[in-house]
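S.K.: Mind folding the following:
(2 chains)
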Amino acid sequence: MVDYCVHVTIENKPGISDPEGKTILNDLVLKGTHQNVSKINTAKMLKFTITENNKESAQSKVREICDELRIYNPMVSVVTIDAFDA
Amino acid sequence: MNLESHELEELKSKIGREPTSTELQIVAAEWSEHCSYKSSKKHLKMLPMDGPLVIKEKGYDSGVLDVGDGYVITAHIESHNHPSAVEPYGGAATGVGGVIRDILSAGTRPIALLDGLRFGDIEKDQHAKWLFKNAVTGIADYGNCLGIPTVGGEVEFDECYTNYAMVDVAAIGFGKKENLIKNHAKKGDLVVLLGGATGRDGIGGSQFASDSLESEDRSAVQIPDPFIEKLIIEAILEARNEKLIHAMKDLGGGGLSCAVSETADSLDIGIEMDVDKVHTRESDMHSDEIMISESQERMLIVTDSEKLIKLQDICKKFRIDCSVIGHVTFDNKMHVKKSGKTIANISTDIVANATLLDLPSKKPIYLENIENTKSFPLLSDYSEVMLILLASPNIASKIWVYGQYDHEVGIRTVVKPGYDASVLRLDNGKFLSIKIDGNPKQCYINPREGAIGCFEEACRNVVCTGAKPIGMLDHLQFGNPKDPEIFWTFLESLKGLTDFAKDFEIPCIGGKVSLYNETPKGSIKPTPVIGVLGLIDKTPLRIQKINSGDCLIMIGNTKDELGGSEYSEYIHKFIGGKCPVVDFSDSKKNMNAVLEIIKTELIKSAHDCSKGGLAVAVSELCMTNLIGCTVSLENVPGDKLDNDKILFSESHSRYLVTFEKKNLQNLEELLKKHNVSFKTIGEFGGESIQFTADSKPILDLSVDKAQKTWLNSLKEMVMHA
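M.R.: Numbers count the residues shown, from 1 in each chain, chains lettered A, B, ... in the order given. Predicted coordinates:
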């Protein structure tokens, strides 16, 4: 059993508005000189450290936890789960 | 999103051709129950809607009342049940946003919010807890960001809402009569869409709200953006002051389809618009999606080309987008184009006026024996029962909820949440008192009397602040209307409300019908929620702290009416029994008597008796004043009843009045003059809540212990376990 670092990124589904991202874009980034930026999306990331047999099981275990505990609302958000060696 | 086959046939015969796909989408949105009220509209006409203070204008989304000196208040109630059941945070928050824009569209500034929340059993059900917690946070975040106080509301839990959420929001607006928008339009006027960009969120929402909730994935989720809403409020009010607005409508259910067709229909005009002119969030949106998207924080405005320049300047200042999407025509048609090509061209009368239904109704079988009474074993000591009731989710203090809301911002709130009704100071020196109430437990047992009870309870709460009821908002929430038994309960509730409103001359100034509220286990209990507005000409009752030696008078009779009570349902798990019935003549007498004794300033506080009955009402006085009280049950007005009935029956028209002993004689004289049933039932002092029957104590609870339980119970339920 080894420790793995699992990143859970929770963001709004495509097509659902993201007021926070839009505000950062319009009121901060575009107010500067960064006119080449066209979109900013906000997301929330959880970093799990989990002891598992391999990367795949670390990833699937974390997904299971997130689904079971309703860490995100599947109606609104999508999650991306990436596992790394700790 | 589809029309039913007979509706499709009807549409074809009305327009005399095959409808285009855009027309189908527009009509499906507008003919949905949510927008068209097709099942209920015929019957809603029975409610009295006129009164000396009511101001009516075509196209208003909210009720308007004249409060004198050139000022008006506006009021409206909406629900966001389906969206909140799938995404409680965003659903509840956008529910607040929607009703605020209804207030704004009359040209008044929103000054207060109230919300009624209902969920499943939070003690056992984790999902109900999740819904509850997030809906409250959603309301708090949205209202607090806008600087509009949430001044009151109610929260209730019942197993019939398992896997569901009922989120009702009422909003109050205030403004000058001269600033009200007089909705009108002339040929060539421009149609402007102002606010947030149109996106794919909430597509099919109104149709969604008109279906029973299924577990399948739907995109009817709306993301709240209170900061845009705040900018819209300020921009609109500035445009109103500059007289730039000819007509205005908020975009809610049905999106552009409904806003455009209803505006055109109510103003007797046509509107020609181009979907390419609508500012969208994504570039690849289909024109049908643009027409029915229910993206939040948008307003439709009719203005003319000269005023447009000023309007655009205001929008620029507040950094909100606005686009001219079309213009006014005089052919009474809703003409939608895309890049110059017609994609819909249909008479607004057809779109905005779905054929109204006359659905069959039948008395439900379950009602046959439900009012049979059941006697519960009598106890010699009710202290334990009392403690359980004070900790129960429906009776426990809701401070965990309203503590999260800013209820003072705007410095109008004179009486804050936690009392009977909230009171707001108006600019003309008068005060407005408001309360919303519901009681599905009683409405289930007797839909008619239950609904009247909610109405009277809201009146009682308003009366307790010294205000005379001047208007009512009704929100009728039921299951599937195509079930004749459910439709019967809807009609009964509506008839009851109508009778009470007519008898008491309280006009219905606004309302909403929400049908198809069904959970996987079946229909919800009938859930009418009634809001009552009251006006205080001079000063509201100044609630004073109760001291040792002060006395307690009870006005109104306690009856054998345990049906739907918390005692019956929470303690004994029994659904049934005699539902409390309002006696109209007693109710009126008691209201007038309480209003008069408040005017004479002889009393310290007035409190209504409702959930949990006399025992809970007295305890609330003790717990909020941290003082004990001794009440003798044999003095309680009404027929001789068993002790549990006197303690816990939820009979209506009852008030508890506290006062200094020296005022007793004056008070008695006044009350006798009003010919009401009353008696001094107790005296304050000591450190425990005591009830005696025939001089023997039957309930004895330390105030301190009771208060701790009552205040902390709900919070503990939500935060722990």
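
S.K.: contacts and neighbour counts: CA atoms only from here.
M.R.: Fine.

S.K.: so which helix or strand takes in the nearest residue to residue B:373 once chain neighbours are set aside?
M.R.: Excluding the flanking residues, the one nearest residue B:373 by C-alpha to C-alpha, 6 or more residues apart in numbering or on different chains is residue B:577, at 4.2 Å. Counting by DSSP states H and E, no helix or strand carries residue B:577.

S.K.: residues in contact with residue B:700?
M.R.: B:382-383, B:688-691 (C-alpha atoms under 8 Å, 6 or more residues apart in numbering or on different chains).

S.K.: Which of the helices and strands in chain B ranks last by mean pLDDT?
M.R.: Ranking every helix and strand in chain B by mean pLDDT, DSSP states H and E puts helix B:205-209 at the bottom, with a mean of 58.

S.K.: what element comes up after that helix heading to the C-terminus?
M.R.: Per DSSP H and E, the first helix or strand lying C-terminal to helix B:205-209 is helix B:226-241.

S.K.: name the helices or strands packed onto that next one?
M.R.: helix B:88-104, helix B:126-146, strand B:190-195, helix B:305-317 (3 or more C-alpha pairs under 8 Å, 6 or more residues apart in numbering or on different chains; DSSP states H and E).

S.K.: helix, strand or coil for the residue of the stretch 551-700 of chain B found nearest chain A?
M.R.: Per C-alpha to the nearest C-alpha, the residue of the stretch 551-700 of chain B with the smallest distance to chain A is residue B:570, at 29.1 Å. Residue B:570 carries the three-state label helix when classified by DSSP: H, G, I helix; E, B strand; the rest coil.

S.K.: ok, how many other residues are close to residue B:75?
M.R.: Using other C-alpha atoms under 10 Å in any protein chain shown as the criterion, residue B:75 is surrounded by 32 other residues.

S.K.: who's in contact with it?
M.R.: Contacts of residue B:75 by C-alpha under 8 Å, 6+ apart are B:62-64, B:103, B:170-173, B:473, B:509-510.

S.K.: Run a quick check on the residue nearest to residue B:373 versus residue B:562, I expect a contact.
M.R.: Yes. If you go by C-alpha atoms under 8 Å, residue B:577 and residue B:562 touch, sitting 6.2 Å apart.

S.K.: the more surrounded of those two?
M.R.: Neighbours per residue (other C-alpha under 10 Å) separate residue B:577 from residue B:562, with residue B:562 holding more: 29 against 23.

S.K.: What strand or helix carries the more buried one?
M.R.: Using DSSP H and E, residue B:562 sits in no helix or strand.

S.K.: Quick one, grab the pLDDT at it.
M.R.: At residue B:562, the model reports a pLDDT of 94.

S.K.: for chain A, what spans make up the helices?
M.R.: Per DSSP state H, chain A carries helices over the ranges A:19-24, A:55-68.

S.K.: Output those helices in TSV, with distance to chain B, mean neighbour count and mean pLDDT appended to each entry.
M.R.: Converted to TSV, these look like this (distance: least, C-alpha to the nearest C-alpha, whole Å; neighbours: other C-alpha atoms under 10 Å in any protein chain shown; pLDDT from 0 to 100):
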stretch	distance to chain B	mean neighbour count	mean pLDDT
helix A:19-24	6	16	88
helix A:55-68	12	16	93
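
S.K.: wait, which of those is closest to residue B:495?
M.R.: helix A:19-24 (44.4 Å; C-alpha to C-alpha).

S.K.: Tell me which of the helices of chain A lies nearest to residue B:248.
M.R.: Ranking the helices of chain A by proximity to residue B:248 (C-alpha to C-alpha) places helix A:19-24 first, at 24.8 Å.

S.K.: Need the residues that contact that closest one.
M.R.: By C-alpha under 8 Å, 6+ apart, helix A:19-24 touches A:39-42, B:225.
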